[in-house]
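J.: okay, here's the prediction I keep looking at, along with the sequence it came from:
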Amino acid sequence: MTEIEVRDFEPGDRGAVRHICYLTGYMGAPVDWYWRDEESFADMFCGYYTDREPESTLVAVTNGEVKGYLLGCRDSSRAWDPGAVAARHVLRRGIAFRPGTAGIIWRSIADIVVDTARRRVDPRRYSFSDPDYPAHLHMNLLPELRGTGTGGVLMRRWLDRLRSESVRGCHLQTKAENTNAIGFFEAMGFARHRDPVLAPGERTPDGERTYIQTMVQLLPGS
Ligand SMILES: CC(C)(COP(=O)(O)OP(=O)(O)OC[C@H]1O[C@@H](n2cnc3c(N)ncnc32)[C@H](O)[C@@H]1OP(=O)(O)O)[C@@H](O)C(=O)NCCC(=O)NCCS
């Protein structure tokens, strides 16, 4: 088995991290079938972490190539809202008017209007904010690294860092349908927090609605 190194993010890792995000963003699978613009997708989900808080990003490397990451944020009030980043790209890259991204953008707006009007979603639940869990994370590994213990190494290193900085707790959000990730996060000490919320705009390949599950972990000793 090739050796897997987990280390701090370096500026030269930025392109690889962004590309892995695009290759794994749909529950570990590529997102190009519903979001055909890598630049805007990577900005929404990696931009803040690699460009504003790189000291909280960890990467997993084999044979000198980045194959996975954990993107961390110690104070979630500082992170960029992906919706606001998408709105910037409507102006910069015209993503609301281009095939490959227009569909999900307009569907998201329609879902938010209809779901809140029909009281399917309390609009306050579109974003998570709780002083008990100020930190959050995203993580993705390319398929060849999954099930190798790498996710566990990344996560333990991140949680140890939060404890050493006396951060009280950490949260994350994943698709409720991503049962593998939820099993992993539970094994890492996270618990489901409240009921899942309908995800605006997103659909499965069969056209079904998807849900967002928030998970939390207090960090005793912090
Ligand atoms: C989720 C992911 C990061 C986990 O990393 P991984 O390297 O596959 O997980 P590991 O092999 O390190 O597993 C760590 C521990 O979690 C446990 N675990 C992993 N998956 C599990 C599951 N589905 N159910 C229960 N436990 C699980 C392992 O048994 C292991 O336990 P141990 O430490 O007691 O041996 C990785 O599989 C991945 O990138 N998946 C695709 C992308 C994704 O879904 N990301 C999350 C989006 S929010």
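T.: Noted; the coordinates are in hand. Bear in mind the structure is a predicted one, so any value in this text is a computation, not a measurement. Numbering: from 1, shown residues only.

J.: my guess is residue 93 contacts residue 37. True?
T.: Yes - in this structure residue 93 lies within contact range of residue 37 using CB atoms under 8 Å: 6.6 Å. Using the backbone N, CA and C atoms, a C-beta is placed for each residue, glycine as well.

J.: what about the nearest residue in space to residue 177 that is not next to it in sequence, which SS state?
T.: Beyond its immediate neighbours in the sequence, the residue positioned closest to residue 177 (CB to CB, 6 or more residues apart in numbering) is residue 210, lying 5.8 Å away. Per DSSP: H, G, I helix; E, B strand; the rest coil, the local secondary structure of residue 210 is strand.

J.: roughly how far does residue 210 sit from residue 128?
T.: Applying CB to CB, to the nearest Å, the value for residue 210 to residue 128 is 17 Å.

J.: cool, residue 121 as well?
T.: Counting by CB to CB - residue 121 and residue 128 are separated by 13 Å.

J.: intersection of neighbour lists for those two?
T.: Among the neighbours of residue 121, none is also in contact with residue 128 (CB atoms under 8 Å, 6 or more residues apart in numbering).

J.: what about this protein, any weak spots by pLDDT?
T.: For the chain, applying pLDDT under 70 flags the ranges 1, 222.

J.: ok now stretch 92-107, how far from the chain's centre?
T.: 20 Å (CA atoms, centre = their mean, to the nearest Å).

J.: end to end, how far does that stretch reach?
T.: 20 Å (CA to CA, to the nearest Å).

J.: who's in contact with it?
T.: Applying CB under 8 Å, 6+ apart, the external contacts of stretch 92-107 come out as 34-37, 39-40, 86, 89-90, 200-203.

J.: just say helix, strand or coil for residue 160.
T.: Here residue 160 is recorded as helix under three-state DSSP.

J.: distance of it from the ligand?
T.: Noted for residue 160: a distance of 15 Å to the ligand, by CB to the nearest ligand atom, to the nearest Å.

J.: give the contact list for the residue lying closest to residue 146 once chain neighbours are set aside.
T.: Once flanking residues are discounted, residue 146 sits nearest to residue 28: 7.4 Å by CB to CB, 6+ apart. Counting by CB under 8 Å, 6+ apart, residue 28 touches 140, 143, 146, 178, 180, 181.
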